[in-house]
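J.: test case, fold it:
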Amino acid sequence: MDSMNLTFNTNDDINRRLWSQVQQKLNSIYLGGGKSRIEKQHQQGKKTARERLDLLFDVNAQRFEIGAFAGYDMYEAHGGCPAGGVIVELGYIHGRLCIVVANDATVKAGAWFPITGKKNLRAQEIALENRIPIIYLVDSAGVYLPLQDDIFPDKEHFGRIFRNNARLSSAGILQIAAIMGSCVAGGAYLPIMSDEALIVDKTGSIFLAGSYLVNAAIGETIDNETLGGAATHCEISGVTDYKCADDASCILRIRSLIEKTGTPQTAGFNCIPAIEPEIKPELVYGHLPDSRDKPYNMYDILKCIVDKDSMDEYKAAYGQSIICSYARIDGWAVGIVANQRSVVKAKKSKGQEMQFGGVIYSDSADKAARFIMNCNQKKIPLVFFQDATGFMVGSRSEHGGIIKDGAKMVNAMANSVVPKFTVVIGNSYGAANYAMCGKAYDPRLIIAWPSAQIAVMGGAQAAKVLLQIEIASLKAQGKTLKPEDEQALYERIKSNYDKQSTAYYAAARLWVDAIINPPETRTIISMGLHMANHAPLNTAYNVGVIQT
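T.: Purely as a prediction, here's the structure:
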C-alpha cells in the first residue's frame, strides 16, 4: 500500500507540474501583444479582445477557449503571434450557447497570419456543425502582408471565411458582427456578409480601401472617418445596422439581440440529472503515470470522468486492449471508446498471446467497430480517449487480418453521424490516431492533456528508423559513422522528433482545440455535448456491409 501511495503521489506531483507549465505559458499568451499595446488600446478608447469577451458572456457561466496556443513558437521571425492574433471562445449569452471570434488588435494590429485564418475557419466549422450562433468582434488591419501567399488564395485560406459566411446564413445559423476597430479591404466582407452588423462610433471603420490608398488610386483626399466611419455607414450607405457609442454599449446591444432569438431545435440526446464521478476528478493526476511508456488502468481514469455507476461495458472480456462502454458524463448518455493501457493476458485460439497496453489488436478493433455502429443505431454520442501506440504488428497479426479489422474500425468511425469527441491523454501514434478519431475525422471537439504526444510514431522508434536509413545511405557511399557520431545523430533526430510530438506543437497548429487541465475533462465534454445537441441528426448511418 505504501508503494502504491508513493507511486500515486509521484504521478500526482508530476502531472500537476505539467499543468502548471501550461498555465505559465497561457498567462503570457493572454497578454497578447504585451502590456504597452494593451495600454495603447485603452488610450484609443477601446477594450481589448479579452475584455470584450468578459463583458459579452454571462457572468460566472462556463466558457471554453479554443486555440489559445495557436501559432505558439511558429512566427518568432515575425515577432510572434500569440493565440494566432484572434480569440475564439464557446460560452453562454443569456443562457444561449454561442461561439465568439474576437480579433486581438494588440497583436500586429489584429492582422491575419496563416494560423489566424485556420482558427477562424475552425470557429465557423464548429458553428456550422452544431448550429450555434457565431459572433465576430472585428478589429483587424487585414492580411499580414509578409505572409500573404500562405493566407490569401488557397481553398482553406482567407477567402474560405466569406464562403462560410454565406453557407452559415443559408443554413439559418445566426451571425452577428461588431466592427470595433479597423475593418479593411477583403476583410470588410466578413461583417457585412453576417446577418446583422454593429459599428462603434469614432473607433470602428470599414472600407475596401483606406484614405491613403484612395488618394493613391484615384487622387481623392478624404479622412478615414468620413470614408467609412459609423456615421457614414449608419446614415448614408446603410451598410451597418446599429451605431454604438462605445465598446460597452456595443456589447450590450449584442447581448440584447441574442436574448431575443428563438429557441433552437435539439437532437434529443439522452440527458438526466448528473451524478458525481466515483473518484473525484482532481485525483486523476495520480492515476496517470509519469512516463508515456508505463502501463496504467484506464478504468481509474474513466472513474474520474463518468457519472458513478453509469458504465455498461460492451464485450468486457473480449478485445481487452480497447474499452467500449455506454456511460454518462454529467448526465449525458455517451458511448466511450478508450485505449486500455494496462498489460492484459488473453487466450487466443492459436495459443496464448501477451497483449501490450496501448496497442490495438484485431479483436479490439472488431469490437470497437461494432460498438460504434450500435451507438449510431441508438443515437448516442461517442467519446474517444486516446492513448495508443498503434495497431499490433508482426506475422501473427498480419496473418490474422489486422489491416482488415483496423479498416472496419476506421470505416465505422469515419461514417458515424452521431457527434464525436476526442480526448488525447497520452500517445496518439500512427493509425491509432486515425482509428480513435483524430482531427482528420471531424470530432466536434478534440482536446489534449499536457501529457499528450501526437506523431507517426514515438521519438525513440522514429530516431532508430531514420538513423538506420542514414547509416545505409552512408554505407552505399562507402562511408561509416563512429559510434559516438552515430549516438550524437540519434540524439539529435530524437530531440527534434520529440519536440514535434508535444501537446504544444499540436495545439500551435490546431491539431487539437486546446490543452486542458485533466480534472476539467468532464466539464468540457459536457459543454460539448450541450453544443452538439443543438444540431438535429438528419442522416441515416450506413457503412455498407462489414465482413466478419
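J.: tally of neighbours for the closest residue to Q265 other than its chain neighbours?
T.: The spatial neighbour of Q265 that comes closest, neighbours along the chain excluded (C-beta to C-beta, 6 or more residues apart in numbering), is P536 at 5.3 Å. Using the backbone N, CA and C atoms, a C-beta is placed for each residue, glycine as well. Neighbour count for P536, taken as other C-beta atoms under 10 Å: 11.
J.: P536 is in contact with T266, isn't it?
T.: Yes: counting by C-beta atoms under 8 Å, P536 touches T266, with 6.8 Å between them.
J.: quick one, what contacts the closest residue to Y144 other than its chain neighbours?
T.: Closest residue in space to Y144, ignoring its immediate chain neighbours: A111 at 4.0 Å, by C-beta to C-beta, 6+ apart. Shown in contact with A111 (C-beta atoms under 8 Å, 6 or more residues apart in numbering): G85, S140, A141, G142, V143, Y144.
J.: name the nearest of these relative to L283.
T.: G85 (37.7 Å; C-beta to C-beta).
J.: number of nearby residues for F384?
T.: Counted with other C-beta under 10 Å, F384 comes out at 25.
J.: please renumber the chain so that the first residue is 521 from this point on.
T.: Yes, from this point I'll number from 521; that puts the last item at F904.
J.: quick one, grab the pLDDT at it.
T.: The confidence metric pLDDT takes the value 98 at F904.
J.: what about it, which SS state?
T.: strand (DSSP: H, G, I helix; E, B strand; the rest coil).
J.: for the closest residue to A705 other than its chain neighbours, what are its contacts?
T.: In space, and not counting its chain neighbours, A705 is closest to G662: 4.9 Å by C-beta to C-beta, 6+ apart. Contact partners of G662, counting by C-beta under 8 Å, 6+ apart, are A631, W632, S702, V704, A705, G706, G707.
J.: cool, and L648?
T.: Neighbours of L648 in contact, by C-beta under 8 Å, 6+ apart: N684, R687, L688, A691, I693.
J.: list only buried entries from those residues.
T.: Listed as buried from those are N684, L688, I693; burial here means 16 or more other C-beta atoms under 10 Å.
J.: which of those fall in helices?
T.: N684, L688 (DSSP state H).
J.: including pLDDT and distance to L987, could the buried ones among the contacts of L648 go into JSON lines?
T.: Shown next, in JSON lines, are the buried ones among the contacts of L648 (pLDDT from 0 to 100; distance: C-beta to C-beta, whole Å):
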{"residue": "N684", "pLDDT": "96", "distance to L987": "45"}
{"residue": "L688", "pLDDT": "97", "distance to L987": "49"}
{"residue": "I693", "pLDDT": "97", "distance to L987": "51"}
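J.: can you give me the strands in the stretch 871-1020 of the chain?
T.: 871-875, 879-880, 902-908, 910-911, 940-949, 965-968, 973-975 (DSSP state E, counting those that start in this stretch).
J.: the third one pairs with which strands, and in what direction?
T.: Sheet pairing here is set by DSSP bridges, and for strand 902-908 it gives strand 852-859 (parallel), strand 940-949 (parallel).
J.: could you list the low-confidence segments of the stretch 721-870 of the chain?
T.: Low-confidence segments of the stretch 721-870 of the chain, defined by pLDDT under 70: 863-870.
J.: hmm, 50 instead?
T.: 866-870 (pLDDT under 50).
J.: ok, now the stretch 921-1068 of the chain?
T.: Across the stretch 921-1068 of the chain (using pLDDT under 50), the flagged ranges come out as 1065-1068.
J.: in the stretch 671-820 of the chain, which spans are strands?
T.: 695-704, 716-720, 725-727, 762-764.
J.: so the first one versus strand 716-720, what angle?
T.: If I follow you right, that is strand 695-704. Comparing the axes of strand 695-704 and strand 716-720 via axes from the mean of the first three to the mean of the last three C-alpha atoms, to 10 degrees yields an angle of 50 degrees.
J.: please state the offset of strand 695-704 from the chain centre?
T.: Centre-to-centre, strand 695-704 and its host chain are 25 Å apart (C-alpha atoms, centre = their mean, to the nearest Å).
J.: tell me what that strand is packed against?
T.: strand 654-660, helix 679-690, helix 709-712, strand 716-720, strand 725-727, helix 767-779 (3 or more C-beta pairs under 8 Å, 6 or more residues apart in numbering; DSSP states H and E).
J.: so the last one versus strand 716-720, what angle?
T.: Helix 767-779 and strand 716-720 meet at an angle of 160 degrees, taking the same axes, to 10 degrees as the criterion.
J.: before we move on, back to that, export the strands of the stretch 671-820 of the chain to TSV and tack on distance to R773 and mean neighbour count?
T.: Below are these laid out as TSV (distance: least, C-beta to C-beta, whole Å; neighbours: other C-beta atoms under 10 Å):
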stretch	distance to R773	mean neighbour count
strand 695-704	8	26
strand 716-720	6	25
strand 725-727	17	25
strand 762-764	6	20
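J.: nearest to I654, out of these?
T.: Judging the strands of the stretch 671-820 of the chain by C-beta to C-beta, what sits closest to I654 is strand 695-704, at 5.4 Å.
J.: okay, now the sheet partners of the closest one, with direction.
T.: strand 654-660 (parallel), strand 716-720 (parallel), strand 725-727 (parallel).
J.: got the angle between it and helix 679-690?
T.: Using the same axes, to 10 degrees: strand 695-704 against helix 679-690 is 150 degrees.
J.: give the rounded mean pLDDT of strand 695-704.
T.: In the prediction, strand 695-704 has an average pLDDT of 94.
J.: which of the strands paired with strand 695-704 sits closest to I1045?
T.: That would be strand 654-660 among these, by C-beta to C-beta, at 21.3 Å.
J.: in the closest one, what counts as buried?
T.: For strand 654-660, using 16+ other C-beta under 10 Å, the buried residues are I654, I655, Y656, L657, V658, D659, S660.
J.: how about the strands paired with strand 902-908, which one is nearest C957?
T.: Of all the strands paired with strand 902-908, strand 940-949 comes closest under C-beta to C-beta, at 4.7 Å.
J.: could you pull up phi and psi at the residue nearest to A705?
T.: phi 100, psi -160 (degrees, to the nearest 10).
J.: please tell me how far it sits from V804.
T.: Going from G662 to V804 by C-beta to C-beta, to the nearest Å gives 44 Å.
J.: if I read this right, D578 contacts R616, doesn't it?
T.: No: the pair D578 / R616 is not scored as a contact, 9.2 Å apart, by C-beta under 8 Å.
J.: picking up where we left off before, now the contacts of L648 as a markdown table including distance to D533?
T.: Shown next, in a markdown table, are the contacts of L648 (distance: C-beta to C-beta, whole Å):
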| residue | distance to D533 |
| --- | --- |
| N684 | 45 |
| R687 | 48 |
| L688 | 46 |
| A691 | 48 |
| I693 | 45 |
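J.: who touches the residue lying closest to S841 once chain neighbours are set aside in this structure?
T.: Leaving aside its chain neighbours, S841 sits nearest to S884 (4.4 Å; criterion: C-beta to C-beta, 6+ apart). Each residue near S884 by C-beta under 8 Å, 6+ apart is listed here: G839, Q840, S841, I842.
J.: tabulate those residues (CSV), appending secondary structure.
T.: Output for those, formatted as CSV (three-state DSSP):
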residue, secondary structure
G839, coil
Q840, coil
S841, coil
I842, strand
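J.: out of those, which is nearest to F584?
T.: I842 (27.6 Å).
J.: what's the spacing between the residue lying closest to that closest one once chain neighbours are set aside and G855?
T.: In space, I842 comes closest to S884 once its chain neighbours are excluded; the distance is 3.9 Å by C-beta to C-beta, 6+ apart. Between S884 and G855 the distance is 15 Å, computed by C-beta to C-beta.
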